[in-house]
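[1] pasting the structure only:
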């Protein structure tokens, strides 16, 4: 950007880009280990199996059968 400013481009032209660039400058370093871990095929399938097991629980709603014992009447 400094080169463009030296060539005569106004400084407010790249202000939006610079905001995004400063944001991703710091947070891309935090995401890098996860990207590297995702690129390892063996680890990727192992993590998928772990996380999909938690999401596969299906809840079934069905009628509940109650068995009532018939007691003889008192005399």
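    The structure has been received and is ready for your questions. Note that the structure is a prediction, hence the values are computed from the model and not measured.

[2] Return the distance of stretch 38-52 from the chain's centre.
    14 Å (C-alpha atoms, centre = their mean, to the nearest Å).

[3] ok, and what's touching that stretch?
    The contact list for stretch 38-52, computed with C-beta atoms under 8 Å, 6 or more residues apart in numbering, reads residue 37. (Glycine included, C-beta is placed from N, CA and C.)

[4] Report the distance from the helix ranked longest in the chain to the chain centre.
    Using DSSP state H to define each element, the chain has its longest helix at helix 15-38. Mean-position distance between helix 15-38 and its chain equals 16 Å (C-alpha atoms, centre = their mean).

[5] cool, stretch 38-53 as well?
    For stretch 38-53 - counting by C-alpha atoms, centre = their mean - the centre lies 14 Å from the chain centre.

[6] Let me know the average pLDDT across that stretch.
    On average, the pLDDT along stretch 38-53 is 78.

[7] buried residues in that stretch?
    Using 16 or more other C-beta atoms under 10 Å as the test for burial, stretch 38-53 gives no buried residues.

[8] returning to that earlier point: which SSE is immediately downstream of the longest helix of the chain?
    helix 41-55 (DSSP states H and E).

[9] what's the angle from that next one to helix 15-38?
    90 degrees (axes from the mean of the first three to the mean of the last three C-alpha atoms, to 10 degrees).
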